[in-house]
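K.L.:
From the sequence below, what's the structure:
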Amino acid sequence: MPEIGLLEQIENLDALRGALDRPGPALVFVSHGTEIGIPSVLAEALSGIPIAHLPCSELSDLEHREHLDLLLDRVFGPGPPPAPTSPFDTPSEPVQRWGDLVASIPLRRSVSGEEPSPGVGAGAVRAVVVTEAERLAVANPRFMDELAEGWERVRRESRPVTLALCFGPGGLPPELESRSARLMDLGSVAIGEVPLTIRGVAESVSNWKPADRMLAWGLFGGARGRIALLDPGRSLRRNVESLLLDPEGPLHREMDGFLRRPSLTQPARYAMALGLVARGARDWSRIRRGLESRGQGRPGPYVAKLRDLDILRASQSLDAVGGQRSTRYHVTDPMVRAWFAWLLPHRGRLLSGELRDVWESILQPELHRALPGMLPQALVELLTFRGLDSVGPRARVAGGLWGAGYDIPVAGTLRNGAICYGTVRDDWAPSSSMDLENLSAQMKETRYGFGREVRLRILASLVGHHPELERAAARDERVRLVGPRDLVGE
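P.N.:
Presented below is the predicted three-dimensional model:
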């Protein structure tokens, strides 16, 4: 199978399906961020064939192999008998090594007793998906080498099978990355999870009206696997209904199982903590009071675990030194936020089939109200990953500034050395000269960037700017305006 590369080169779900539907074995690497279970785009691409899913947890290497052996027996049937050994050999372990286990996948008899024939038909006839695969490499530092040896044997047989290794937010530990080169060289498809910015999402559904393109980012975030599931030929509402609101939709199933992972032993408490932050509890005191008022005890262990999994993210002001500023919390993934803030309380209505009503009366208006408040995140991501046409090059560092007398939602240092400070409209209204005056006054209260020659003021709005502000920006090269054109790339 030829090299496909990162998902930037896999334009949509059909292209991924086509890549996996070619004859012969396919080895897939997926970096899936905070998605739980089989990543949505991969599950859709593999639909229609038997899948053995191995969710990894904090077990020993032997236990992982035992689980996979039992899983393959249950889904595909027993493998070929082990090669005969010398009578003088002593069995070392009751379960095959990784190489033998992987090599046995395409040889296992099906439930009907038939063995798959090599090279018959196109595409995989079975698939094995391993999620949180980095745990296997942690349990056995030679895991990657052993897996590569087994996959080379599968390739020599040219049997139609897919093996997908899905890595969580942290990916492989740095000390193990060097050992993965041999296996990575054998890969056919790599789905990268560098997130799409709001403009990247907008470009994926370029025929939608600008407001719907921005709402799509506000709901699905920049997860490439989810964006690949969107059908640009259908409306935003119909995509949301079929993918997220429908209990049979892939994104609904993803969210329904989001907290069902071995490391989260009390899902209800984690759901409560996520719901509080998703609905606006940004500081520690509000999170603590919210959980304690519901009889859930102290939130420390729950918040710490959610941070470890990158489900919650804690931010400090860019000018904070040694914990001098309070920490602000937010839900990392916009779709997780939407689920726990707005959809989970109404899941009974979704199960009853009230999809359109939930969209029209709850999700769409809540999302519309929330999107202006998400604009700082959109600007920080654009500055970090792509750069803003109206501002300049990408930022070396970007975030927010807050302290006594100032609260600036967007700030950063660009790669050309310029410092930028940004404010956003928290409603669907044009920015004005008053917003510029307020930003300039707050800049005087922070030491961040003090003394730098170039200090840019960024004013952003989802709908544009008042004419007097546009005239002020034309006279002052330090003032930069960001509107819908910059956000969606029109």
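K.L.:
Only C-alpha atoms from now on, for both contacts and neighbour counts.
P.N.:
Fine.
K.L.:
roughly how far apart are residue 476 and residue 469?
P.N.:
Shown here: residue 476 relative to residue 469, a distance of 10 Å by CA to CA, to the nearest Å.
K.L.:
show me where pLDDT drops low in the stretch 101-250 of the chain?
P.N.:
Under the criterion of pLDDT under 70, the regions of the stretch 101-250 of the chain flagged as low confidence span 110-124, 169-194.
K.L.:
same thing but 50
P.N.:
For the stretch 101-250 of the chain, the stretches flagged by pLDDT under 50 are 111-123, 175.
K.L.:
which outside residues touch stretch 458-470?
P.N.:
372, 391, 420-425, 428-433, 435-436, 479-484 (CA atoms under 8 Å, 6 or more residues apart in numbering).
K.L.:
before we move on, back to that, so residue 476 and residue 469 - more neighbours on which side?
P.N.:
Using other CA atoms under 10 Å as the criterion, residue 476 and residue 469 rank with residue 469 on top: 20 against 12.
K.L.:
hang on, that one is in a helix, isn't it?
P.N.:
Yes. When DSSP: H, G, I helix; E, B strand; the rest coil is applied, residue 469 is found to be in a helix.
K.L.:
That one and residue 477, how far apart?
P.N.:
Taking CA to CA as the measure, residue 469 and residue 477 are separated by 13 Å.
K.L.:
What of residue 49?
P.N.:
59 Å.
K.L.:
follow-up on the earlier one: make a ChimeraX selection of the buried ones in the contacts of stretch 458-470.
P.N.:
Applying 16 or more other CA atoms under 10 Å to the contacts of stretch 458-470 leaves a buried subset, and the ChimeraX line that selects it is:
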select :372,391,420,421,422,423,424,425,430,431,432,433,435,436,479,480,481,482,483,484
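K.L.:
Show the contacting residues for residue 396.
P.N.:
384, 412, 413, 414, 415.
K.L.:
give me that answer again for 7 Å
P.N.:
By CA atoms under 7 Å, 6 or more residues apart in numbering, the contact list for residue 396 reads 413, 414, 415.
K.L.:
what pLDDT does residue 276 get?
P.N.:
Listed pLDDT for residue 276 reads 93.
K.L.:
what helix or strand is it on?
P.N.:
When elements are assigned from DSSP states H and E, residue 276 belongs to helix 267-278.
K.L.:
Look up how far residue 241 lies from residue 340.
P.N.:
If you measure residue 340 against residue 241 using CA to CA, the figure is 17 Å.
K.L.:
Please, where are all the strands along the protein?
P.N.:
With DSSP state E as the criterion, the chain has strands at 26-31, 51-55, 127-131, 162-167, 189-191, 312-315, 328-331, 395-403, 406-414, 419-424, 455-460, 479-482.
K.L.:
Can I get the second one in PDB, CA atoms only?
P.N.:
So that's strand 51-55. As requested, C-alpha coordinates have been extracted for strand 51-55 and formatted as PDB (Å, rounded to 0.1, in the frame of the first residue of the first chain):
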ATOM      1  CA  ILE A  51     -13.300  -5.200  14.300                       C
ATOM      2  CA  ALA A  52     -11.500  -6.400  17.300                       C
ATOM      3  CA  HIS A  53     -11.000  -3.400  19.700                       C
ATOM      4  CA  LEU A  54      -8.400  -3.600  22.400                       C
ATOM      5  CA  PRO A  55      -8.700  -0.600  24.800                       C
END
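K.L.:
Residues in contact with that strand: which ones?
P.N.:
Surrounding strand 51-55, the residues in contact under the criterion CA under 7 Å, 6+ apart are 68, 71, 72, 75, 126, 127, 128, 129, 130, 131, 132.
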